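A.B. asks: Mind folding the following:
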Amino acid sequence: MTTTVESTTAPAPAAGALAFDLKGAGVRELNRTLHAPADGGSCLVRNPGGKHSIAVGVNARIDVQVHGHAGYYAAGMNQGGSITIHGNAG
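C.D. replies: Numbering: from 1, shown residues only. Model (predicted):
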């Protein structure tokens with residue numbers, strides 16, 4: 001029997017991309033940061049730890065990559081972003 005588990009280790013962010021670690025920062029700070037960038041940006045989110053309301057209310061055309069498990073309401077009220085969760089979501 002073989003079991004495959006997707007690694008939740010986040011890659012290094014691309015040049016010019018935002019990088020956010022939820023291990024030491026709050027979800028409100030992340031969401032405030034995601035509301036500020038201009039269209040065409042990208043953001044790498046590390047260590048979400050199953051927190052709720054990650055990447056909520058994104059209006060800009062930004063690519064958000066969440067590496068780890070997200071709780072309820074992840075990517076809620078998204079109006080323009082592309083949000084990918086590499087893990088489970090509530």
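A.B. asks: In this structure, mark out all the strands, start to finish.
C.D. replies: Using DSSP state E, the strands of the chain run over 18-21, 42-46, 63-67, 82-86.
A.B. asks: Enumerate the beta-bridge partners assigned to the spatially most central residue of the chain.
C.D. replies: Note on the chain: the residue nearest the mean C-alpha position is residue 66, at 3.3 Å, using C-alpha atoms, centre = their mean. Note on residue 66: beta-bridge partners by DSSP bridges are residue 45, residue 85.
A.B. asks: any idea where the helices of the chain begin and end?
C.D. replies: For the chain, helices defined by DSSP state H occupy the ranges 27-35.
A.B. asks: where are the low-confidence patches of it?
C.D. replies: Applying pLDDT under 70 to the chain flags the ranges 1-10, 13-15, 37.
A.B. asks: now do 50
C.D. replies: Under the criterion pLDDT under 50, the flagged ranges of the chain are 1-7.
A.B. asks: Pull the contacting residues for the residue nearest to residue 79 when sequence neighbours are not counted.
C.D. replies: Among residues not flanking residue 79 along the chain, residue 59 sits closest, at 5.0 Å (C-beta to C-beta, 6 or more residues apart in numbering). In this view, the C-beta of every residue, glycine as well, is placed from N, C-alpha and C. Residues in contact with residue 59 (C-beta atoms under 8 Å, 6 or more residues apart in numbering) are 35, 79-81.
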